[in-house]
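Structure for the following, please:
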Amino acid sequence: MTDSDGRPDPGSAAPELTYADRVYRSVPGVISGVLLLAVAVWLVTDAVLTGSGRTPWVALVTAPVFVFPVIAYTLRPAVLANDRRLLVRNPFRTVVVPWAAVEGLRAGYSVELFAGGKKYQVWAVPVSLRARKKATRAASRAAAADDPRASRTSSLTNPTRTLRAGQVDPTKAWSDQVVATLLEVAERNAANPAAAGPVVTRWCWWIIAPALIALVTLVVLIIATN
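Model prediction:
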């Protein structure tokens with residue numbers, strides 16, 4: 001509340017601060033999805049404009065069977081985190097987990113979320129063994145640079161770098177950095193009353209239903225043409 005001069009009223013309660021979602025997703029996955037959709041649009045358009053007989057209809061019916069799974073597996077997956085909850089958007093299902101309900105996060109061969117006594121895969125944060133090996137080599141070089149027994153030449157060619165806020169740590173794979181950040185946020189907000197509640201899961205019917213309907217239509221069309 002404010003007084004007549006527009007200044008905050010000292011007797012009023014301070015407003016609760018809320019923070020925008022921080023989004024994590026695979027950039028290569030998004031790029032590959034956009035390229036696949038572009039190829040699909042080109043092929044379907046060509047079939048509709050130059051095809052004969054039932055070819056244009058088959059192309060139009062086939063498009064949703066291909067397009068919606070591509071969207072589901074490349075463009076849709078994302079992890080959104082704020083001070084109240086963690087939202088995991090997988091290809092066909094969305095999982096909303098208040099921070100108090102998060103039991104753990106693990107990055108093995110894939111990133112896994114443990115909440116409400118269940119395990120959920122996190123599609124938006126793929127684990128790259130190649131990136132881990134690269135990060136391990138970077139960590140080894142950084143450790144050698146910090147070693148006081150290392151030669152003066154080695155210390156000059158491999159200077160120790162201090163990371164700024166938001167800067168990528170080259171000694172950790174991206175998936176491991178995301179998991180570490182989310183665990184830190186979970187620990188910080190676990191006692192927040194606004195971060196309590198049950199785990200909620202929702203199916204993504206706007207992707208599932210059109211793909212299934214198109215698939216059934218395609219099968220009927222193929223049977224009818226034979």
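
in the chain, what secondary structure element scores lowest on mean pLDDT?
helix 152-157 (a mean of 36; mean pLDDT, DSSP states H and E).

separation between residue 111 and residue 194?
Separation of residue 111 from residue 194 (C-beta to C-beta, to the nearest Å): 25 Å. Backbone N, C-alpha and C define where each C-beta goes, glycine included.

more neighbours, these two?
residue 111 (24 against 15; other C-beta atoms under 10 Å).

In contact with that one, which residues?
Applying C-beta atoms under 8 Å, 6 or more residues apart in numbering to residue 111 gives the contacts 105, 121, 122, 125, 126, 127, 175, 178, 179.

Most neighbours among those, which one?
Per-residue neighbour counts (other C-beta under 10 Å) across the contacts of residue 111 peak at residue 122, which has 27 neighbours.

got the residue ranges for the strands in the chain?
Secondary structure of the chain, counting by DSSP state E: strands at 22-24, 78-81, 85-89, 93-98, 102-107, 111-115, 118-121, 200-203.

Put the alpha carbons of stretch 186-206 into PDB.
Output in PDB follows, covering the C-alpha atoms of stretch 186-206 (Å, rounded to 0.1, in the frame of the first residue of the first chain):
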ATOM      1  CA  ALA A 186      15.800 -27.100  -4.200                       C
ATOM      2  CA  GLU A 187      17.900 -27.000  -1.000                       C
ATOM      3  CA  ARG A 188      17.400 -23.200  -0.800                       C
ATOM      4  CA  ASN A 189      13.600 -23.300  -1.200                       C
ATOM      5  CA  ALA A 190      12.700 -26.600   0.500                       C
ATOM      6  CA  ALA A 191      11.500 -24.700   3.600                       C
ATOM      7  CA  ASN A 192       9.600 -22.100   1.700                       C
ATOM      8  CA  PRO A 193       5.800 -22.400   2.500                       C
ATOM      9  CA  ALA A 194       5.000 -21.400  -1.100                       C
ATOM     10  CA  ALA A 195       7.100 -24.300  -2.400                       C
ATOM     11  CA  ALA A 196       5.000 -27.000  -0.700                       C
ATOM     12  CA  GLY A 197       2.400 -29.200  -2.200                       C
ATOM     13  CA  PRO A 198       1.800 -32.500  -4.100                       C
ATOM     14  CA  VAL A 199       3.500 -33.600  -7.300                       C
ATOM     15  CA  VAL A 200       1.200 -33.000 -10.300                       C
ATOM     16  CA  THR A 201       1.400 -34.800 -13.700                       C
ATOM     17  CA  ARG A 202      -0.500 -33.900 -16.800                       C
ATOM     18  CA  TRP A 203      -0.600 -35.600 -20.200                       C
ATOM     19  CA  CYS A 204       0.000 -33.500 -23.300                       C
ATOM     20  CA  TRP A 205      -3.100 -34.400 -25.200                       C
ATOM     21  CA  TRP A 206      -2.700 -31.600 -27.800                       C
END
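
how about that stretch: buried residues?
186, 189, 195, 199, 204 (16 or more other C-beta atoms under 10 Å).

Output these in a markdown table; the columns should cover distance to residue 70 and pLDDT.
Formatted as a markdown table, the buried residues of stretch 186-206 follow (distance: C-beta to C-beta, whole Å; pLDDT from 0 to 100):
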| residue | distance to residue 70 | pLDDT |
| --- | --- | --- |
| 186 | 32 | 94 |
| 189 | 35 | 92 |
| 195 | 34 | 90 |
| 199 | 28 | 96 |
| 204 | 14 | 97 |
